[in-house]
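Trainee: 3D, please:
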Amino acid sequence: MTEQAERITDFDAGSRRAVHAAVKEALQSIETRFGLKVSLGALNYDEVSATCKLTLKCKEYRRPNGEVISGEQRAFELTCTQYGLKPSDFGRVIKVDGRDMTICGIHQGAKKHPIIVTPAGSVEGPLYKISADMASSQPNA
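Mentor: As a prediction, this is how the structure comes out:
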């Protein structure tokens, strides 16, 4: 990376980090303006190019009847049957290793542990992943 006006003439670890941080910062205005959740994946690079995955998710979804739900709930509703769950399972409290956990999402890319749970009653608590079998076989807590 040359020092002249931060112009990048080849990608190395330092320039990759700088560009990734700058892109992430620029995307914050899109997140705020449109009410989206924006995530930027790792930058893969060679000497002359860099690529990354950009994901845009709705934070809220308006049903045809006007009801507003979270984007996570809508994504769950669209994919839950692939994992043996029902749309009504979103928000259900189940027992996992003796602890009350709330089903709060699905990570479609995960093969072994696609169901996302969080400790029941926590706000912005830690997220854990469990198997679909574990989620569907657990009675309500």
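Trainee: ends of stretch 44-57, how far apart?
Mentor: The first and last residues of stretch 44-57 sit 22 Å apart, counting by Cα to Cα, to the nearest Å.
Trainee: what residues sit buried inside that stretch?
Mentor: By 16 or more other Cβ atoms under 10 Å, the buried positions in stretch 44-57 come out as 45, 50. Just so you know, the C-beta spots here come from the backbone N, C-alpha and C atoms, and that holds for glycine as well.
Trainee: quick one: residues in contact with it.
Mentor: Identification of contacts with stretch 44-57 by Cβ atoms under 8 Å, 6 or more residues apart in numbering yields 10-11, 16, 19-20, 23, 27, 30, 36-43, 71, 75.
Trainee: let's see 6 Å
Mentor: With contact meaning Cβ atoms under 6 Å, 6 or more residues apart in numbering, stretch 44-57 is reached by 10-11, 16, 36-41, 43, 71.
Trainee: same question, stretch 85-93
Mentor: Contacts of stretch 85-93 (Cβ under 6 Å, 6+ apart): 73, 76-77, 80, 100, 102-103, 120, 136, 141.
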